[in-house]
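Visitor: All I have is the shape, not the residue letters:
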């Protein structure tokens, strides 16, 4: 599946929604029966807001629901994402949506369904190998010396496969760059030691060994010390 097809594949067209003229009492009943934390609210076929349980709580507690509709709640305006947008382009907007779902629309703004936030987060984790299949290696490199192609070539020369990487400035007033790699290697310990010998500053790496391998770790350290001598 191509990443620009991700939103389409995760789209749920059956998730309940309401128009802004729906009775609050009816909405509460549906949300309770369906165990729904939030639902899209539409006006003229387009997303007008996202209704969450906390929005309904004052009315539920006071029982003042008769003849009131959703437009009386004065919900915060909400947008939607386009069904054909790229997952990377919408990622920065995920946190702006209240609740656990994100409304999806056509290019003309017409509502067509929702995507669960957790599905997008899981897809991002899969793309960048943030689950258990990779190891993390973080380097601090002066900006004027940073050539990603050279760093990647060095990693690959040491039998490591670069699965993904990210980069950011160490501090606002610092000119170095922190580059974090997700790598696949059969010997992370050797990889780290070799990168250090090449002059790279290692800020962090995944644990070399599990607790049960402490004895093996000590032997490896002794061997490295012997080789350095």
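Guide: Thanks, I have the structure now. Bear in mind that the values here come from a model prediction, so they are computed numbers and not experimental data.

Visitor: Which residues are in contact with the residue lying closest to residue 116 once chain neighbours are set aside?
Guide: Of all residues not flanking residue 116 in the chain, residue 101 sits nearest, at 5.8 Å (C-beta to C-beta, 6 or more residues apart in numbering). Heads up, the C-betas are built off the backbone N, CA and C, glycines and all. Listed by C-beta atoms under 8 Å, 6 or more residues apart in numbering, the contact set of residue 101 reads 15, 38, 39, 40, 50, 114, 115, 116, 117.

Visitor: what about the last one, how many neighbours?
Guide: It refers to residue 117. For residue 117, the neighbour count with other C-beta atoms under 10 Å is 15.

Visitor: I'd say it and residue 100 touch.
Guide: Yes. Under the criterion of C-beta atoms under 8 Å, residue 117 makes contact with residue 100 at 5.5 Å.

Visitor: what's the weakest-modelled helix or strand in the chain?
Guide: Ranked by mean pLDDT, DSSP states H and E, the helix or strand of the chain with the weakest confidence is helix 214-228, at a mean of 57.

Visitor: what packs against the helix or strand where residue 118 lies?
Guide: Residue 118 is part of helix 117-127, with elements assigned from DSSP states H and E. Helix 117-127 sits against helix 6-10, helix 87-91, strand 101-105, with contacts defined as 3 or more C-beta pairs under 8 Å, 6 or more residues apart in numbering; DSSP states H and E.

Visitor: mind redoing it with 6 Å?
Guide: For helix 117-127, there is no helix or strand it packs on, judged by 3 or more C-beta pairs under 6 Å, 6 or more residues apart in numbering; DSSP states H and E.

Visitor: Show me how far it is from its chain's centre.
Guide: Relative to its chain's centre, helix 117-127 lies at 6 Å (C-alpha atoms, centre = their mean, to the nearest Å).

Visitor: So which bits of it are buried?
Guide: 119, 120, 123, 124 (16 or more other C-beta atoms under 10 Å).

Visitor: Tell me the one among those residues nearest to residue 30.
Guide: Distances from residue 30 to the buried residues of helix 117-127, taken as C-beta to C-beta, are shortest for residue 119 (22.7 Å).
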